[in-house]
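*Asks:* turn this into a model:
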Amino acid sequence: MGIAMGTTGEPARGVKWARFAALMGGNAALALGPWSVRLADCGPVSSAFWRLALAVPVLALLARVSGQKLLGLGMGIWWAIVAAGLFFALDIGAWHIGIGMTRMANASLFGNAGSLVVMIWGLISLHRRPRLREWLALAAALGGGAILLGRSLEIDRTTLIGDLYCVAAGLLYSGYIIILQKYRASLGGWSLLTWSSLAGLPVLLGIALLRGEPVWPSNWWPVIALAVLSQLLGQGLLVYALKHFAPLVIGLALLTQPVIAVAVGWLVFHESLGPLDFAGMAAVAAGLALARSTQD
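*Replies:* This next block holds a predicted model:
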């Protein structure tokens, strides 16, 4: 069935709203994922393992239904998938550890820090200097990040370490994106997500066992919610929506994640934020939105 079109050849208003709802819904689902991580009783890295393991069958089905290739991939692609799976696993593992150690808003913002790295990588690959908007993105994100890290150090050293885990997660995720960048158009997002998730499973399981975490949860609902919210709904809605919007719109939509994280942190976990925290968050968020807007 084709997309409903208006009289000008543009998608009908209802289709546009459905795409926008998918974009916002995907960001909201990703923002609620950390709530499930904190509720899981099997350890943060173990919850990351189940997040992927429970989602993989559905991801494979989505790839199959979408007509994306799952088998017969070239050797170069397999090596890229293994490398991407390692980065993906370390990204999720580091982020889940950080979520339990810092505030929800910080975890959301720093976990998205990969947008800056992808922007810088793009500049390097194009062999050009940053433009004004890109300098502003870097300055805002670094300045806001310094404020938030300083505030975390004032609260507790553990909170600062949690921030650094989340920053590391954002950097690792950018590695995952960069490694698979040239294969996305030919293979499709679902296929790559399926295989990179499978490649990451033994890494996460190994780290969880080395950390001495309980792997088998006694309460399955938090890890099921995590798989559905973060890996299926969040990723699925964004895979559908991202190709329909300009990078600036995507970057601005990303800002809903820290807003939701602040609300959950305050209402559920009684995390309080002061004016300086909000100033730092606003600066980081602006930097991430600007960085995303440069990825044309």
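*Asks:* could I get the CA-only coordinates of stretch 218-235 as CSV?
*Replies:* Output of stretch 218-235 as CSV, limited to C-alpha atoms (Å, rounded to 0.1, in the frame of the first residue of the first chain):
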residue,chain,number,x,y,z
SER,A,218,14.2,-12.9,39.5
ASN,A,219,11.8,-10.2,38.2
TRP,A,220,11.6,-10.3,34.4
TRP,A,221,9.4,-7.2,33.9
PRO,A,222,12.2,-4.6,34.0
VAL,A,223,14.4,-6.3,31.5
ILE,A,224,11.4,-7.1,29.2
ALA,A,225,10.4,-3.4,29.4
LEU,A,226,14.0,-2.4,28.7
ALA,A,227,14.2,-4.6,25.6
VAL,A,228,10.8,-3.3,24.4
LEU,A,229,11.4,0.4,25.2
SER,A,230,15.1,0.8,24.3
GLN,A,231,15.7,-1.8,21.6
LEU,A,232,12.4,-2.3,19.8
LEU,A,233,10.1,0.7,20.3
GLY,A,234,12.9,3.3,20.6
GLN,A,235,15.1,2.0,17.8
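*Asks:* mind listing what's buried along that stretch?
*Replies:* For stretch 218-235, the neighbour count (16 or more other C-beta atoms under 10 Å) marks 222-235 as buried. No exception for glycine: its C-beta is placed from N, CA and C like everyone else's.
*Asks:* same question, stretch 115-134
*Replies:* Under the neighbour-count rule (16+ other C-beta under 10 Å), stretch 115-134 has 115-122, 134 buried.
*Asks:* before we move on, what about stretch 21-38?
*Replies:* 22-23, 25-38.
*Asks:* one more: stretch 73-80?
*Replies:* Buried-residue list, stretch 73-80, by 16+ other C-beta under 10 Å: 73, 77, 80.
*Asks:* where does the residue most central in space within the chain land on pLDDT?
*Replies:* Residue closest to the average C-alpha location in the chain (C-alpha atoms, centre = their mean): residue 112, at 6.0 Å. Looking at residue 112, its pLDDT is 79.
*Asks:* and it, how far from residue 193?
*Replies:* 18 Å (C-beta to C-beta, to the nearest Å).
*Asks:* just give me the longest helix of this structure.
*Replies:* Longest helix in the chain, counting residues (DSSP state H): helix 13-39.
*Asks:* show me the contacts for the nearest residue to residue 229 once chain neighbours are set aside.
*Replies:* With sequence-adjacent residues excluded and distances taken as C-beta to C-beta, 6 or more residues apart in numbering, residue 229 is closest to residue 29, at 4.6 Å. Shown in contact with residue 29 (C-beta atoms under 8 Å, 6 or more residues apart in numbering): 229-230, 233-234, 237.
*Asks:* these: which two are farthest apart?
*Replies:* 230 and 237 (11.4 Å; C-beta to C-beta).
*Asks:* which one of the buried residues of stretch 115-134 is nearest to residue 197?
*Replies:* Distances from residue 197 to these, taken by C-beta to C-beta, are shortest for residue 118, at 20.2 Å.
*Asks:* so what's that closest one closest to, chain neighbours aside?
*Replies:* residue 174 (5.1 Å).
*Asks:* neighbours around residue 64, how many?
*Replies:* Neighbours of residue 64 under the rule other C-beta atoms under 10 Å: 14.
*Asks:* any idea how far residue 200 is from it?
*Replies:* Distance of residue 64 to residue 200, computed by C-beta to C-beta: 20 Å.
*Asks:* re the thing from before, count of neighbours near the residue nearest to residue 118?
*Replies:* 20.
*Asks:* name the element it belongs to?
*Replies:* Using DSSP states H and E, residue 174 sits within helix 157-180.
*Asks:* counting contacts, what elements does that helix pack onto?
*Replies:* helix 75-99, helix 104-111, helix 114-126, helix 132-155, helix 189-210 (3 or more C-beta pairs under 8 Å, 6 or more residues apart in numbering; DSSP states H and E).
*Asks:* beyond the last one, next helix or strand please.
*Replies:* Same thing as helix 189-210. helix 221-226.
*Asks:* elements contacting that next one?
*Replies:* Applying 3+ C-beta pairs under 8 Å, 6+ apart, one finds that helix 221-226 contacts helix 13-39, helix 44-65.
*Asks:* export only the CA atoms of the shortest one, formatted as PDB.
*Replies:* C-alpha atoms of helix 44-65 as PDB (Å, rounded to 0.1, in the frame of the first residue of the first chain):
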ATOM      1  CA  PRO A  44      23.500  -3.300  35.100                       C
ATOM      2  CA  VAL A  45      25.600  -5.100  32.500                       C
ATOM      3  CA  SER A  46      23.400  -8.200  32.800                       C
ATOM      4  CA  SER A  47      20.400  -6.000  32.100                       C
ATOM      5  CA  ALA A  48      22.200  -4.800  29.000                       C
ATOM      6  CA  PHE A  49      22.700  -8.500  27.900                       C
ATOM      7  CA  TRP A  50      19.000  -9.200  28.300                       C
ATOM      8  CA  ARG A  51      18.100  -5.900  26.500                       C
ATOM      9  CA  LEU A  52      19.800  -7.300  23.400                       C
ATOM     10  CA  ALA A  53      19.000 -11.000  23.900                       C
ATOM     11  CA  LEU A  54      15.200 -10.500  24.200                       C
ATOM     12  CA  ALA A  55      15.100  -8.100  21.300                       C
ATOM     13  CA  VAL A  56      17.200 -10.100  18.700                       C
ATOM     14  CA  PRO A  57      14.500 -12.400  17.500                       C
ATOM     15  CA  VAL A  58      12.100  -9.500  16.900                       C
ATOM     16  CA  LEU A  59      14.900  -7.500  15.200                       C
ATOM     17  CA  ALA A  60      15.700 -10.500  12.900                       C
ATOM     18  CA  LEU A  61      12.000 -10.800  12.000                       C
ATOM     19  CA  LEU A  62      11.800  -7.000  11.200                       C
ATOM     20  CA  ALA A  63      14.900  -7.400   9.000                       C
ATOM     21  CA  ARG A  64      13.300 -10.400   7.200                       C
ATOM     22  CA  VAL A  65       9.900  -8.600   6.700                       C
END
